[in-house]
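Trainee: just a sequence and a predicted model for now, questions to come.
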Amino acid sequence: MYRKIVTSGMIALSIAATGCGQSAAPSPSSNPAPSTASSGSGAPVKLEFLQNKPEVVGEWNHLIAVFEKRNPGITVQQINPPNTDTVLQADVAKGQVPDVIAMGADATYIAMAKNGIFKSLSGSSELSKVSSAYTKMLEDEVGKTTPYALPYTVNAVPVIYNVTLFKKYHLTVPTTWNQFMAEANRVKRAGGTPFYNGFKDAWTLAVSWNPLAANEEGSKFFANLKAGKASFAKDLPKAAARMQQFVSLGQPNQFGVDYNDANTAFANGKSVFYVQGIWTLPVIRQANPHITLSTFVFPATNRPAQTKMVSGVDSLLAIANSGNAAKEKAAMKFIDFLLERPNASAYASIAGLFSTVKGVQPTDIAIKPLQPWIDKGRVVDFPDHYYPPAMAAGNQYESILQGALSKKASPQSLLQQLDNLYQQSASHQ
């Protein structure tokens with residue numbers, strides 16, 4: 001699922017100090033392939049594999065079992081702690097980083113990549129197997145032209161909708177912001193609820209804020225922000241006003257409902273639309289297996305040809321820069337296995353995500369309308385991946401959104417608070 005930036009200065013210091021689908025998913029590839037242990041002596045190799053998604057522990061165990069059967073000289077131990085950031089902080093401090101890591105492209109990853117924790121993958125043949133657009137996205141986040149990880153699955157923030165209710169209210173898929181608001185107001189006038197929100201959890205406000213901000217700020221916003229040539233108040237007035245308009249069409253108790261309850265409510269038909277990431281689809285279907293869902297790109301602007309879909313790397317694959325040649329070779333063998341199309345497709349389907357592996361198409365009909373946007377490169381990264389780490393630590397900027405919107409503060413007041421937080425956070429970098 002979407003992971004907001006949670007890295008604190010403590011993590012950065014510790015690093016520096018040490019220097020699911022509706023149709024059946026394809027089964028992992030189990031064709032036998034000759035393989036031996038990766039050390040020169042033929043000794044067994046044990047890999048520690050840390051991943052941060054509790055909802056896919058079972059699928060990882062299945063993939064690992066198939067891999068180990070094909071590679072009897074290598075064993076893989078999955079580690080799925082409650083808080084991967086805290087665990088990785090401790091691991092880095094002890095110099096015991098897991099051999100392979102699957103994690104989000106957040107500030108924890110960025111700090112570790114910048115400080116040499118991960119092995120450089122420059123020149124590796126594996127790069128040609130995955131989308132170059134998302135590889136570049138990872139490089140841009142780190143600020144280097146060196147790939148320290150492979151993008152494995154990517155998410156997207158669309159508008160999820162209940163197909164039955166959509167038809168009930170005779171709606172059409174909007175391509176502009178004005179059309180989107182008109183359809184939402186049509187639902188409201190008919191006595192329905194357009195949007196169900198779980199804003200008791202502050203991070204959920206970032207889900208709708210990100211596409212609004214990303215489609216208004218432009219590619220040079222953060223460089224100009226750093227140089228003092230841009231500001232939230234100056235450059236994002238439409239995003240703030242539209243965020244306020246969006247919130248006005250949510251259910252009355254939206255700031256008292258958490259993420260889990262919002263998922264359940266939407267699954268049970270309490271609203272037509274749900275602005276959440278595609279990672280939510282398996283949870284919604286678990287709450288109501290009979291619901292029919294579809295998606296469309298969040299129409300954040302009134303310029304359809306210029307609108308981009310917010311999509312980021314949900315899970316990347318990185319190898320610890322341990323200097324242990326046998327382990328690094330075995331780790332790459334494990335990654336090669338994960339990049340095989342049947343395996344990549346099976347994992348992405350279970351996780352409810354898009355695969356970056358070339359030739360892999362989504363099996364979930366609900367997200368197929370979004371695939372062309374990925375294929376054409378009409379995507380933009382989550383803006384908060386570029387905020388100073390302290391700005392998002394402890395729900396800082398999301399709490400500003402939560403407080404300002406729940407109190408119906410003016411858009412300029414909201415943006416000025418973000419500017420103040422940015423200045424405070426930037427001064428501590």
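Mentor: Okay, I see it.
Trainee: tell me the mean pLDDT over stretch 365-384?
Mentor: Stretch 365-384 shows an average pLDDT of 90 in the prediction.
Trainee: what of stretch 403-412?
Mentor: 97.
Trainee: buried stuff in it?
Mentor: Buried residues in stretch 403-412, counted by 16 or more other C-beta atoms under 10 Å: Ala404, Leu405, Ala409, Pro411. Backbone N, C-alpha and C define where each C-beta goes, glycine included.
Trainee: just the ones of those residues in helices?
Mentor: Counting by DSSP state H, the part of these found in helices is Ala404, Leu405, Pro411.
Trainee: going by distance to Pro252, which of those wins?
Mentor: Among these, Leu405 lies closest to Pro252 (C-beta to C-beta), at 13.9 Å.
Trainee: contacting residues around the nearest residue to Lys358 once chain neighbours are set aside?
Mentor: Leaving aside its chain neighbours, Lys358 sits nearest to Lys129 (6.2 Å; criterion: C-beta to C-beta, 6 or more residues apart in numbering). Residues near Lys129 by C-beta atoms under 8 Å, 6 or more residues apart in numbering: Leu339, Val357, Lys358.
Trainee: of these - the most surrounded one?
Mentor: Greatest neighbour count in the contacts of Lys129, by other C-beta atoms under 10 Å, goes to Val357: 22 neighbours.
Trainee: dig out what that residue forms beta bridges with.
Mentor: Val130 (DSSP bridges).
Trainee: give me the secondary structure label for the nearest residue to Leu121 once chain neighbours are set aside.
Mentor: Leaving aside its chain neighbours, Leu121 sits nearest to Pro147 (4.6 Å; criterion: C-beta to C-beta, 6+ apart). Using DSSP: H, G, I helix; E, B strand; the rest coil, the structure places Pro147 in coil.
Trainee: would you list the buried residues of stretch 403-412 in CSV and tack on distance to Met137?
Mentor: Converted to CSV, the buried residues of stretch 403-412 look like this (distance: C-beta to C-beta, whole Å):
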residue, distance to Met137
Ala404, 29
Leu405, 29
Ala409, 33
Pro411, 29
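Trainee: quick one on the thing from earlier: from the contacts of Lys129, pick the one nearest Asp91.
Mentor: When these are compared against Asp91 (criterion: C-beta to C-beta), the nearest one is Leu339, at 24.8 Å.
Trainee: so how far is Thr356 from that closest one?
Mentor: According to C-beta to C-beta, to the nearest Å, Leu339 and Thr356 sit 9 Å apart.
Trainee: next: Ala325.
Mentor: From Ala325 across to Thr356, the span is 27 Å (C-beta to C-beta).
Trainee: who's more crowded, the two?
Mentor: Set Ala325 next to Thr356 and count neighbours by other C-beta under 10 Å: Thr356 wins out with 27 against 11.
Trainee: does that one really touch Tyr134, like I thought?
Mentor: Yes: assessed by C-beta atoms under 8 Å, Thr356 is found in contact with Tyr134 at 5.2 Å.
Trainee: which residues are in contact with each of these two?
Mentor: With C-beta under 8 Å, 6+ apart as the test, Thr356 and Tyr134 both reach Pro151, Val154, Val313.
Trainee: next, the buried residues of the strand or helix carrying Pro372.
Mentor: Assigned by DSSP states H and E, Pro372 belongs to helix 371-375. Neighbour-count burial for helix 371-375 flags Trp373, Ile374 (criterion: 16+ other C-beta under 10 Å).
Trainee: what are the contacting residues of that helix?
Mentor: With C-beta under 8 Å, 6+ apart as the test, helix 371-375 has contacts from Ser131, Val154, Ala156, Val297, Lys308, Met309, Ser311, Phe354, Gln361, Pro362, Val379.
Trainee: drop anything exposed from these.
Mentor: Among these, those classed as buried by 16+ other C-beta under 10 Å are Ser131, Val154, Ala156, Val297, Lys308, Met309, Ser311, Phe354, Pro362, Val379.
Trainee: phi and psi next, for the fourth one.
Mentor: Geometry field for Val297 lists phi and psi as phi -70, psi 130, criterion degrees, to the nearest 10.
Trainee: can you give me the strands for the stretch 1-150 of the chain?
Mentor: According to DSSP state E, counting those that start in this stretch, the stretch 1-150 of the chain carries its strands in the segments 45-51, 74-79, 100-103, 150-154.
Trainee: the ones you listed into JSON lines, with extra columns for distance to Gln245 and mean pLDDT?
Mentor: As requested, those are exported to JSON lines (distance: least, C-beta to C-beta, whole Å; pLDDT from 0 to 100):
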{"stretch": "strand 45-51", "distance to Gln245": "38", "mean pLDDT": "97"}
{"stretch": "strand 74-79", "distance to Gln245": "44", "mean pLDDT": "98"}
{"stretch": "strand 100-103", "distance to Gln245": "35", "mean pLDDT": "97"}
{"stretch": "strand 150-154", "distance to Gln245": "28", "mean pLDDT": "96"}
